[in-house]
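Participant: Build me a structure from this.
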Amino acid sequence: MDTHILEEAYSLINELEKIFQRTSHQSNYDTIRFQENIQEIVTVLKNRTVVDNQLLIALEKFYQRTSLLMGISSLDVTEDLKQAWRRYDQFHYDQVKPVLKVYGPIGML
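Facilitator: Have a look, this model is predicted:
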């Protein structure tokens, strides 16, 4: 698979992290979890050179966990953070989901 997915995911997640760090001033479980999700996927992205299903599954896990935090948590979601998330969301649905292969029952990852 083409590495553009890897590069674009890294760029969008890095943008999300910068906006979050600039705007988040509270310290609670959801804020910590959001930051951990970003750090975890950035580490995965930095250590990969090819796009394979293992990477796509890691991106899907990041997407599901972060989506919950963005939607139904006590996270302070600013307009800039919403816009950055929407850009990642669009990328995820356009680039990741179509090539992701999941076998067996699917639940929350």
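Participant: Okay, now the unreliable bits of this structure?
Facilitator: Low-confidence segments of the chain (pLDDT under 70): 1, 103-109.
Participant: That one: helices as residue ranges?
Facilitator: Using DSSP state H, the helices of the chain run over 4-23, 29-46, 53-72, 79-91.
Participant: just checking, what packs against the last one?
Facilitator: Pointing back at helix 79-91 there. Applying 3 or more C-beta pairs under 8 Å, 6 or more residues apart in numbering; DSSP states H and E, we find helix 79-91 packed against helix 4-23, helix 53-72. Any C-beta I mention is one placed from the backbone N, CA and C, and that applies to glycine too.
Participant: now the second one
Facilitator: Using 3+ C-beta pairs under 8 Å, 6+ apart as the contact test, the elements touching helix 29-46 are helix 4-23, helix 53-72.
Participant: can you tell which of those helices is closest to Gln83?
Facilitator: Between Gln83 and the helices and strands packed on helix 29-46, the shortest gap by C-beta to C-beta is with helix 4-23, which sits at 8.4 Å.
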